[in-house]
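Asker: Model the structure of this input:
(chains A, B and C)
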Amino acid sequence: MPELPEVETVVREVAPRICGRRFVGAALLDGCLEDVHSAEPLKSVLGVGLGLLPGRLVKRVSRKGKFIIIHLSGNFEMIVHLRMTGMLLFEPSERLKRFIRLEFRFEDGLKMFFSDIRRFGRIWVGPREEVRRLSGLNRLGTDPVAELFSLDDFLTIMRGRVSRRGRLKTALLDQSLVAGIGNIYADEICFRARLHPASRLEKLRPADLLALHEAIGFCLREGIAHNGTTISDFVGTRGDAGKHQQYLQIYGRTGDGCYACGEVVLKTRLGGRGTHFCPSCQALRK
DNA sequence: CCGAACCTGTGT
DNA sequence: ACACAGGTTCGG
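Answerer: Take a look at the predicted model:
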């Protein structure tokens, strides 16, 4: 599920339910996962510091890129990255109960569950600076929605990157440049900017960069406005699907007609990811 | 830079 | 049986 708009949707749903509440415990329900602060030598590492949670008050919930930040009392934080299939749920469906990996309990009896089919998700709990370093949160670039993101900022970021060359889509997916864009929105952004995702960065024109800056803001904000994109049966915290899949312009439209020109939408492989584009509308700068 | 790895489920 | 999936990290 989760790119920036989906994670933003989760934050907006989780925040009102847990802000002002105090954690009393966290239980690991999955024998394949390991809390590295515990002594058990298990299979995968979930993160650190679940034992530091009891007694902490939730002050605020925020987001940077695809990271969820739960701000706790005592300058602690719980950082959550959902990766591919992670979800924070309060009333898990029967189907998803099977994939609950963690249970969080609050002092008023409220329970929050971390469900994660593929077990790629990660959670860190601890002092703010430590968890930001361990999780990689402090290596993120600018969040194009949560922070001011002017055209000048974008040009500066891209100039720094252009010198290294590479493909446009690879740069859009680079979380240390602009944080939060994933595979779906990268394709949508390239289509809106009318640029081929395999374009060479160093060949982009000033007008291309302007179009990309506009497309990043537009595509991500539109995704947020529709409560994210739901493909297959992933759901938000409240258990309901996003609506943005109805508005996708290029992702998943392989073999169908381009909405702009009618040409057949193609799919290729770029940087290991499925990549959708219109060969007629999207200029390849090479 | 690409592929593999980390996992599990789904669809062909 | 095999390919593929919204992410990230690692090694060659």
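
Asker: okay, now the closest residue to residue A:242 other than its chain neighbours: neighbour count?
Answerer: Using Cβ to Cβ, 6 or more residues apart in numbering and skipping residues adjacent in sequence, the residue nearest residue A:242 is residue A:228, 3.4 Å away. Bear in mind the C-beta positions are built from the backbone N, C-alpha and C, glycine included. Each residue near residue A:228 was counted by other Cβ atoms under 10 Å, and the total is 26.

Asker: go on, residue A:205?
Answerer: For residue A:205, the count of nearby residues is 11 (other Cβ under 10 Å).

Asker: So the closest residue to DNA strand B within the stretch 151-286 of chain A versus residue A:179, what's the distance?
Answerer: Scanning the stretch 151-286 of chain A for the residue nearest DNA strand B gives residue A:166, at 3.2 Å (criterion: Cβ to the nearest atom of the strand). Taking Cβ to Cβ, to the nearest Å as the measure, residue A:166 falls 18 Å from residue A:179.

Asker: Show me which of these two is the more surrounded one.
Answerer: Comparing residue A:166 with residue A:179 by other Cβ under 10 Å, the one with more neighbours is residue A:179, at 23 against 14.

Asker: Quick check, that one in contact with residue A:141.
Answerer: Yes: here residue A:179 lies in contact with residue A:141, judged by Cβ atoms under 8 Å, at a distance of 5.1 Å.

Asker: between these two, what contacts are shared?
Answerer: Residues touching both residue A:179 and residue A:141 (Cβ atoms under 8 Å, 6 or more residues apart in numbering): residue A:65.

Asker: Let me see the contact set for residue A:46.
Answerer: Shown here is residue A:46, whose contacts under the criterion Cβ under 8 Å, 6+ apart are A:28, A:33-36, A:101-102, A:121-123.

Asker: which element is residue A:68 on?
Answerer: Mapping residue A:68 onto the secondary structure by DSSP states H and E places it in strand A:67-72.

Asker: Which residues outside that strand are in contact with it?
Answerer: Here strand A:67-72 makes contact (Cβ under 8 Å, 6+ apart) with A:7, A:10-11, A:14, A:18, A:23, A:53, A:56-63, A:77-82, A:88, A:125, A:135, A:137, A:140.

Asker: how about the strands in the stretch 101-250 of chain A?
Answerer: Secondary structure of the stretch 101-250 of chain A, counting by DSSP state E, counting those that start in this stretch: strands at A:111-116, A:122-127.

Asker: Direction included, what does the first one pair against?
Answerer: Going back to what we said before, that points to strand A:111-116. strand A:86-89 (antiparallel), strand A:100-106 (antiparallel) (DSSP bridges).

Asker: and if you look at the last one?
Answerer: Within its sheet, strand A:122-127 is paired with strand A:44-48 (parallel), strand A:76-81 (antiparallel), according to DSSP bridges.

Asker: just those: most buried one?
Answerer: Mean neighbour count, computed with mean count of other Cβ atoms under 10 Å, is highest for strand A:76-81 among the strands paired with strand A:122-127, reaching a mean of 24.

Asker: Please save the CA atoms from that one in PDB.
Answerer: What follows is strand A:76-81, C-alpha atoms only, in PDB (Å, rounded to 0.1, in the frame of the first residue of the first chain):
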ATOM      1  CA  PHE A  76      11.100   9.600  22.800                       C
ATOM      2  CA  GLU A  77       9.700   8.600  19.500                       C
ATOM      3  CA  MET A  78       8.200   5.500  17.900                       C
ATOM      4  CA  ILE A  79       9.100   5.400  14.200                       C
ATOM      5  CA  VAL A  80       7.100   3.100  11.900                       C
ATOM      6  CA  HIS A  81       7.900   2.200   8.400                       C
END
